[in-house]
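**Student:** curious how this folds, go ahead:
(one chain, ligands or ions: 1)
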Amino acid sequence: MRDIMTADIPALSAGDTLKRAVELFRQTRLDGIPVIDDAGQLTGLLTRTNLFDALLAGSTLEEPIDGFLTRRVVTVEPGAPYRQIVETVKTSPVGMGVVVDRSGAVRGVFTKVDMIMALFRESDLLSARLRAIYQAMHNGLVSVDDAGKVTMLNAAAESLLGIPEKEVLGLAFGQVFPGLDLHRVMETGCVEVGKKWEFAGRKLLVNCTPVLDNEKLAGALAIIQDLTELEQVAVELESVRTLQHTLQTVLDIAYDGIAVVDAKGKITFINQSMADFMGLEPERVIGRHITSVVENSRLHIVARTGIPETGQLQQFGGTHYVVSRLPIVEQGRVAGAVGKIIFRNPEEIKELARRLENLENRLNYYRKELQKNGSGNFYTFESIVSVSRVMKNLKREALQAARGLSTIMLRGESGTGKELFAQAVHMASPRRNGPFIKVNCAAVPEQLLESEFFGYAPGAFTGARKEGKPGRFELADGGTIFLDEIGDMSLGLQAKLLRVLQDREFDRVGGIAPVRINVRVVAATNRNLEEMVAAGEFRADLYYRLNVITLNIPPLRERPEDILPLAHCFLSKCNSFLGTGITGIDAAAAAILKSYHWPGNVRELENVVERAVNFATGEVIKANDLPMYLRRVRKTEGEQTGMKNSLRSRMSETEREILKAALEEAGGNKTKAAHILGISRSRLYEKMKKAGL
Ligand SMILES: Nc1ncnc2c1ncn2[C@@H]1O[C@H](COP(=O)(O)OP(=O)(O)OP(=O)(O)O)[C@@H](O)[C@H]1O
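**Tutor:** Here you go, the predicted structure:
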């Protein structure tokens, strides 16, 4: 209001004469003059009409104005907004108003002329603003009036359509810009979006909208976008996406661990190798600060300083790795950093190649061994390495049993050497020149076991061989059949086996006449058959049949004297198939081997020695060549020597530690852990359950 009102106006008081009013009207050319009291407060307004009415009524010029005033005066405050003033003027009976401040003092008046001037100023401002917006727009804009004549082209439209505004102003749109129908929008009054238009060799996308003035059509606007540009962006976006995907794949298959942080040290990317190393899913670390994932990281520091750090050693979980950290510089500014952990160095690759060669040698060795076995070259009691009294006694007993005909049952934990004993029994028996046939009852699928055991008659079932097939019992005729993992045999088959043991005869699947055989049965299991019998899982009669002579092979931990002789035996075996020349085991390594608990028994020891030979860098196997879990367990055992626990509880404690260490070494992978320990997965689960892991 302050900007549009007429200030510095004279005022009348109620006692002033009509003459004084005439003089003021002449001086000011106002349509009304405010009337104030002695305190300067507004009391009314004397308009020209009031004055004319007084004179027409015969009043003299000397009469006071008091009786002719308009008392109902429209007032506004000096700070009133433009919209309020418009409303006030519209409703004012005199077409003007008085500006009165909060104290009631008159500050000026505003008239319709003031209003119009203000309106002009406002509309000028508005159109300047609009023009600035149009010109700054990235999209092209063409406006037409209600007759379809071009009224405006912004700079973007000029460049998109290739025509300067001044050349088309006032011309019919359809004539200048063929192919785009703006008329329909004007006829229907409805917006049309996404219209495709080709003009001046460009593909364009246009939105058309009518311009309405109080619901009356005043023209239309066409907003134009370059489709070629959009398509270009889409293509670029696609290629960036493809590039990103390719990069991601490349980084994910990279052997080294890679992590990227932003300028604040927050992780923006890690590859699969790094995620595996951290033991976390990539999605779970994105957005986290690098130090919350890798405590001793310096990547955030490089992202701050911009100073690269290459080929440095950094410790993770007790192991040193070679790391490099490089800043990412974008337009001269450090935007983050990329870190790389090198998991494999050239030396390790050489080592891998060496191990591969070893594996090949080993394969050849086993191939030869297999061929030898095929021709009847089996373990004998002499080749079963042992110095312990308990094993020597056992071998003696076994030798004695071997000479007879009775069924022999071999009991013992997995990896103790049950199969070795079975072979040695065969080789020490009068049947040594007959066949030695092994059946792993746990490995043959249940539905095949019967035909595997007893064979089938010609044409016994669809898909069967025409001439029939002899079963393992028939193949073992005149020799020994070794039934490994007998505790895993189904009850149905147990009944059939019982008949063979009792009557020395059986029926082939689909056969008519029973087949008689002369076979020595050696069975083995690491399961607790007594518990199985009690639980009804193993036939008691079969149990007694098998249990004629039972040989219990003690676990390795119960005969520690055997550990080093066995280790040396495996060492020379490894040397021969790996082509290595490791001459021995040093005292520290020997001490570790001797004090370890060996849950996987001799098989585990064999694995450990083979691994150590692979890792050994010197002439003898040292403590460092042994797997970490073995070394760690030893320490734990040492720490516990002062404890007064019973042997059993200390042993289970130690076993628990071993399991934990193996699982840790295998990164939680149970198959791997079972392999490390030289036991089956099911055995591992059993032990884990027992240890509450
Ligand atoms: N006294 C030993 N002398 C030489 N090698 C042995 C001896 N005891 C066991 N081994 C070796 O340990 C490994 C395991 O032996 P074997 O397969 O006979 O055990 P197992 O008790 O039958 O195991 P599972 O119950 O898991 O079948 C074999 O590679 C064997 O060569």
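**Student:** of all residues in the stretch 101-250 of the chain, which one is closest to the ligand?
**Tutor:** Nearest to the ligand in the stretch 101-250 of the chain, going by C-beta to the nearest ligand atom, is T249, at a distance of 41.5 Å. (Glycine included, C-beta is placed from N, CA and C.)
**Student:** so that residue, which of the three states?
**Tutor:** helix (DSSP: H, G, I helix; E, B strand; the rest coil).
**Student:** count of residues packed around it?
**Tutor:** Look at T249: counted by other C-beta atoms under 10 Å, it has 12 neighbours.
**Student:** likewise T407?
**Tutor:** Neighbourhood size, T407 [other C-beta under 10 Å]: 19.
**Student:** pretty sure it sits against Y543.
**Tutor:** No: the criterion here is C-beta atoms under 8 Å, and T407 misses it with Y543 at 11.4 Å.
**Student:** distance of the closest residue to D484 other than its chain neighbours from T480?
**Tutor:** Distances taken as C-beta to C-beta, 6 or more residues apart in numbering place N440 nearest to D484, at 4.7 Å, with adjacent residues excluded. In this view, N440 and T480 are 15 Å apart by C-beta to C-beta, to the nearest Å.
**Student:** repeat that for A567.
**Tutor:** 30 Å.
**Student:** which bits of the chain sit near the ligand?
**Tutor:** 384-386, 412, 414-420, 484, 526, 566, 569, 602-603, 606 (C-beta under 6 Å from any ligand atom).
**Student:** just the strands in the stretch 251-400 of the chain please.
**Tutor:** 257-262, 267-270, 309-316, 319-330, 333-342 (DSSP state E, counting those that start in this stretch).
**Student:** closest residue of the chain to the ligand?
**Tutor:** G417 (2.9 Å).
**Student:** can you report phi and psi for that residue?
**Tutor:** In terms of degrees, to the nearest 10, the main-chain angles of G417 are phi 110, psi 30.
**Student:** what sits against it?
**Tutor:** Listed by C-beta atoms under 8 Å, 6 or more residues apart in numbering, the contact partners of G417 are 384, 553, 601-602.
**Student:** now with 6 Å?
**Tutor:** G417 sits next to 553, 602 when contact means C-beta atoms under 6 Å, 6 or more residues apart in numbering.
**Student:** next one, pLDDT for it please.
**Tutor:** pLDDT for G417: 94.
**Student:** what about the stretch 451-600 of the chain, any weak spots by pLDDT?
**Tutor:** 459-467 (pLDDT under 70).
**Student:** and what of the stretch 51-200 of the chain?
**Tutor:** 89, 92-95.
**Student:** where do the strands of it begin and end?
**Tutor:** Per DSSP E, counting those that start in this stretch, the stretch 51-200 of the chain carries strands over the ranges 75-76, 96-100, 106-111, 140-145, 150-153, 192-199.
**Student:** what angle do the second one and strand 106-111 make?
**Tutor:** Looking back up the chat, that one is strand 96-100. 160 degrees (axes from the mean of the first three to the mean of the last three C-alpha atoms, to 10 degrees).
**Student:** for strand 96-100, name the packing helices and strands.
**Tutor:** strand 75-76, strand 106-111 (3 or more C-beta pairs under 6 Å, 6 or more residues apart in numbering; DSSP states H and E).
**Student:** including mean neighbour count, could the ones you listed go into JSON lines?
**Tutor:** Listed next are the helices and strands packed on strand 96-100 as JSON lines, based on neighbours: other C-beta atoms under 10 Å:
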{"stretch": "strand 75-76", "mean neighbour count": "20"}
{"stretch": "strand 106-111", "mean neighbour count": "21"}
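**Student:** wait, S297 sits on I290?
**Tutor:** Yes: between S297 and I290 there is a contact under C-beta atoms under 6 Å: 4.6 Å.
**Student:** list the contacts for A428?
**Tutor:** Here A428 is in contact with 399, 402 (C-beta under 6 Å, 6+ apart).
**Student:** against P435, how distant is it?
**Tutor:** Taking C-beta to C-beta, one finds A428 at 16 Å from P435.
**Student:** count the residues that sit near the closest residue to G170 other than its chain neighbours.
**Tutor:** Leaving aside its sequence neighbours, G170 sits nearest to K149 (C-beta to C-beta, 6+ apart; 5.5 Å). By other C-beta under 10 Å, the residues close to K149 number 17.
**Student:** any idea how far K149 is from I224?
**Tutor:** In terms of C-beta to C-beta, K149 sits 18 Å off from I224.
**Student:** ok, now I65?
**Tutor:** I65 sits 65 Å away from I224, going by C-beta to C-beta.
**Student:** equivalent analysis for L18, please.
**Tutor:** In this view, L18 and I224 are 67 Å apart by C-beta to C-beta.
**Student:** also A691?
**Tutor:** In terms of C-beta to C-beta, A691 sits 75 Å off from I224.
**Student:** neighbour count winner among the two?
**Tutor:** Applying other C-beta under 10 Å to A691 and I224 shows that I224 carries more neighbours, namely 26 against 15.
**Student:** which phi and psi does the more buried one have?
**Tutor:** Torsion angles, degrees, to the nearest 10, at I224: phi -110, psi 140.
**Student:** would you confirm that it contacts K203?
**Tutor:** No: with contact defined as C-beta under 6 Å, I224 does not count as touching K203 (11.0 Å).
**Student:** so for the residue of the stretch 101-250 of the chain closest to the ligand, what's the pLDDT?
**Tutor:** On the pLDDT scale, T249 gets 73.
**Student:** where's it relative to Q272, distance?
**Tutor:** 10 Å.
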